[in-house]
Each structure stands twice: as structure tokens, then as C-alpha cells.
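# Got a predicted model here, sequence first, then my questions.
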Amino acid sequence: MNLAERLYSVKDTLPPQAQLVAVSKFHPSTVIMEAYTAGQRLFGESRVQELIGKYEELPKDIQWHFIGHLQINKIKYIAPFIDTIQSVDSIKLLNELNKYAEKFNRKINILIQIHISEEETKY
């Protein structure tokens, strides 16, 4: 089964209101383009440098999601184009995101992460 067939197979199992975010981290731009050609437009990355490189190489109608922990000092690099940040884990990070969203006159979607476990090693 090729990549396009796998994407269609997964999307067919989703309810109509759900959207698939394809995690593209560690995959080269050529593989992402294959998924893009098959209709995929939402991609998730967890490393800022990798995300920036892919953003510069790939079509601009891709909706990029940042997944994983985002360091405050890296926001400025992705704020001009990021669609969604899936792991806002502090008020400080939220405030910085708001600052950069205003600076670039954009709205950045977020998911708020709430620590409910007893594990101190988790954000």
C-alpha cells in the first residue's frame, strides 16, 4: 500500500468533523509532498529548525502544527506561519505567543496542556 492509499484508508475511518494531522517529523520534504499531492494539508512537527526548513521548501497552504514542548525562545521563528501549537503548558508561554501573534497580526490556535498526573517529569 502506498502513502496515498494509507492516508485514504485512515481518513475513511474518521468521523466527518475530524481532521488528520500527519506527523511529518523526521520525514523528508519529498515524502511530505507525496502526502500533500494526495490531499493532506495538516502536518505536525516537533522541532523548530526542521519545521522552518520544511516551511520554506513546501507549499504555503500547508497548515503546520507544532507538537511537543515548545521553548519560549523559539516562538519568534515560527510565529509568522504556524497554524496551531498543540502543547501550551504555561501562562508564560501563552503570553509570549500572544505577543508574537500581535506582532505579526495573526491568530495562532493553541491547545492548552494541563498537568494532572503525579509524574513530576511530565510538563
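Sure thing, it's come through.
# Spit out the contact partners of the residue lying closest to residue 61 once chain neighbours are set aside.
Nearest residue to residue 61 in three dimensions, chain neighbours excluded: residue 41, at 6.5 Å (CB to CB, 6 or more residues apart in numbering). (C-beta placed from N, C-alpha, C; glycine too.) For residue 41, the contacting residues are 61, 62, 63, by CB atoms under 8 Å, 6 or more residues apart in numbering.
# Now, of those, which are buried?
Buried members of those, scored by 16 or more other CB atoms under 10 Å, are residue 62.
# Just the closest of the contacts of residue 41 to residue 55, please.
For the contacts of residue 41, the minimum distance to residue 55 (CB to CB) is 7.7 Å, reached by residue 62.
# who's in contact with the longest helix along the chain?
The helix of greatest length in the chain, counted in residues with DSSP state H as the criterion, is given as helix 91-103. The set of residues that contact helix 91-103 without belonging to it, under CB under 8 Å, 6+ apart, is 70, 72, 75, 76, 79, 85, 88, 107, 108, 110, 112.
# one more time with 10 Å
The set of residues external to helix 91-103 that reach it, using CB atoms under 10 Å, 6 or more residues apart in numbering, is 69-80, 82, 85, 87-88, 90, 106-110, 112-113.
# Pull out the buried residues from that helix.
Result for helix 91-103 [16+ other CB under 10 Å]: buried residues 93, 96, 97, 100, 101.
# Centre-most residue in this protein?
Among the residues of the chain, the smallest C-alpha distance to the mean C-alpha position (CA atoms, centre = their mean) belongs to residue 65, namely 1.3 Å.
# which residues in the chain form strands?
With DSSP state E applied, the chain shows strands at 22-23, 42-45, 63-66, 84-88, 109-112, listed in chain order.
# CA atoms only: put the third one into PDB for me.
As requested, C-alpha coordinates have been extracted for strand 63-66 and formatted as PDB (Å, rounded to 0.1, in the frame of the first residue of the first chain):
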ATOM      1  CA  GLN A  63      -1.300  24.100   8.000                       C
ATOM      2  CA  TRP A  64       1.600  23.500  10.300                       C
ATOM      3  CA  HIS A  65       1.000  22.200  13.800                       C
ATOM      4  CA  PHE A  66       3.800  22.300  16.400                       C
END
